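1. Following is a predicted model, sequence given first.
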Protein chains: 2
Amino acid sequence: MSTRDDLSDSLENYLEAILELEETQKVARAKEIADRLKIQRGSVTGGLKTLSEKGYINYQPYSYITLTAKGKRIARDIAHRHAVIKEFLLKVLQIDPLTAETSACRMEHAIDPKSIERLVCFIEYIFTCPRAGEEWIQSFLSYCAGGNRKQADCKKCIDSIRNEVAQS
Amino acid sequence: MSTRDDLSDSLENYLEAILELEETQKVARAKEIADRLKIQRGSVTGGLKTLSEKGYINYQPYSYITLTAKGKRIARDIAHRHAVIKEFLLKVLQIDPLTAETSACRMEHAIDPKSIERLVCFIEYIFTCPRAGEEWIQSFLSYCAGGNRKQADCKKCIDSIRNEVAQS
DNA sequence: TTAATTTGTTAGCTACACCTAACTTTTATG
DNA sequence: CATAAAAGTTAGGTGTAGCTAACAAATTAA
């Protein structure tokens, strides 16, 4: 069945790491998983057994590790959640890359599927709709920085996008 | 010092529950905390001891529980994170209330302070800037639903806000 | 004011997720 | 090919966060 919550945050992290390793090195090895997750080699073994029992990975002691079809599906979903949240933090909220990465790493386990789907759409919408877009985000940043904007600015701002749209 | 991570997600939940109870009933009792967090009475005692040792709550066996100044400060921060994330999910992404509540409950422990600050600002910006606002969100929803909009619609859309701004 | 109910605590248990240290298997090298 | 190094596993330990069941204190009602 592979419902979302027969996996702890920790096991989700293992799957995510294994996917990345598969993609870059064809195959995952326990030591690399340990390195990526910043835990000890000995800690990994147990997690691998659990993932194997649950049918997410192909695992034989002393051998390399690969994802099963089910494991790959879930791992991609997790990686997707990570990427979407990070993109939102980076491109919309304009959070610095390090913080965005750290928060995405934690939030990816907490967000529900519908919200991720909407977030994808929302990011796309922002950078598609002429009323939003890059300079709208820039304007958001200066709003953040304290500058409450005047009504007059809004008129000019709207005229400027009106012209842009008219030209295209 | 009360840095953010001498508290586990679980202890943060206790603090949040205690704050709510203080606000509605003046005082928190172990049973109500258990009920709110959907755990057993016996499980609460340990958490209360830890919070007390760390200086977040005033706790004496068999008596009611209150937040210390430090505890209240942290609890309010957690509640704030919760509220902001929920508001974003509800008002911006238009997620249903139940899902928004559940996700906010989990995400509140994962997000960093800067992102929360930015998110507050972003929500405010959306409902302040004439280029965004309520109907822009509505338009986002139909974009989500699959309707890719035409260039012509964008022109009309921009003209309509232009007139609105001109009138006000 | 005594008895019943509710609330709170304790003790002992499980499961998870990590740790270290010792050991085994695999691999790479001289 | 023998052996040193690297990688993987095992065993035993820690801390957290729950659980249940038995008991104790406090509150409520008869």
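-> Nice, thanks for sending it over.
2. so which helix or strand takes in the residue most central in space within chain A?
-> Using CA atoms, centre = their mean, the residue of chain A that lies closest to the mean C-alpha position is A:His82, 1.7 Å off. With the criterion set as DSSP states H and E, the secondary-structure element containing A:His82 is helix A:69-87.
3. what helices or strands is the next helix or strand after that helix leaning on?
-> Tracing the chain C-terminally past helix A:69-87 and defining elements by DSSP H and E, one meets helix A:97-107 next. When contacts are defined as 3 or more CB pairs under 8 Å, 6 or more residues apart in numbering or on different chains; DSSP states H and E, helix A:97-107 sits against helix A:69-87, helix B:113-126. For every residue, glycine as well, the C-beta is placed using N, CA and C.
4. Need the CA coordinates for helix A:97-107. PDB is fine.
-> Once non-C-alpha atoms are left out, helix A:97-107 reads as follows in PDB (Å, rounded to 0.1, in the frame of the first residue of the first chain):
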ATOM      1  CA  PRO A  97      19.900  29.300   0.300                       C
ATOM      2  CA  LEU A  98      21.300  27.800   3.500                       C
ATOM      3  CA  THR A  99      18.300  28.500   5.600                       C
ATOM      4  CA  ALA A 100      15.900  27.500   2.800                       C
ATOM      5  CA  GLU A 101      17.700  24.200   2.500                       C
ATOM      6  CA  THR A 102      17.600  23.500   6.200                       C
ATOM      7  CA  SER A 103      13.900  24.400   6.600                       C
ATOM      8  CA  ALA A 104      12.900  22.500   3.500                       C
ATOM      9  CA  CYS A 105      14.600  19.500   4.900                       C
ATOM     10  CA  ARG A 106      12.400  19.700   8.000                       C
ATOM     11  CA  MET A 107       9.200  20.900   6.400                       C
END
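5. Might you list the low-confidence residue ranges for chain A?
-> Residues of chain A that meet the criterion pLDDT under 70 lie in A:1-3, A:147-152.
6. Residues of it that sit close to DNA strand C?
-> Within chain A, the positions near DNA strand C by CB under 7 Å from any atom of the strand are A:8-11, A:13, A:37-43, A:46-47, A:50, A:62.
7. B:Glu108: which of these is nearest?
-> Set against B:Glu108, the nearest of the residues of chain A next to DNA strand C by CB to CB is A:Asp9 (14.9 Å).
8. returning to that earlier point: can you tell me the closest non-neighbouring residue to the residue nearest to the centre of chain A?
-> With sequence-adjacent residues excluded and distances taken as CB to CB, 6 or more residues apart in numbering or on different chains, A:His82 is closest to A:Glu108, at 4.4 Å.
9. Contacts only, for that neighbour.
-> When contacts are counted by CB atoms under 8 Å, 6 or more residues apart in numbering or on different chains, A:Glu108 touches A:12, A:78, A:81-82, A:85.
10. what are the phi and psi values for it?
-> According to degrees, to the nearest 10, the main-chain angles of A:Glu108 amount to phi -60, psi -30.
11. now do A:Tyr59
-> The phi and psi values for A:Tyr59, taken as degrees, to the nearest 10, are phi -140, psi 120.
12. residues contacting it?
-> With contacts taken as CB under 8 Å, 6+ apart, A:Tyr59 has the following neighbours: A:48-49, A:51-52, A:65.
13. Show me how to select, in PyMOL, the buried members of those residues.
-> Isolation of the buried members of the contacts of A:Tyr59 (16 or more other CB atoms under 10 Å in any protein chain shown) is achieved in PyMOL through the command below:
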select buried, chain A and resi 48+51+52+65
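14. How about the contacts made by A:Lys86?
-> The contact partners of A:Lys86, by CB under 8 Å, 6+ apart, come to A:100-101, A:104.
15. Adding neighbour count, write those residues out as a markdown table.
-> A markdown table is the format used below for the contacts of A:Lys86 (neighbours: other CB atoms under 10 Å in any protein chain shown):
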| residue | neighbour count |
| --- | --- |
| A:Ala100 | 22 |
| A:Glu101 | 15 |
| A:Ala104 | 24 |
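16. Alright, calling it a day.
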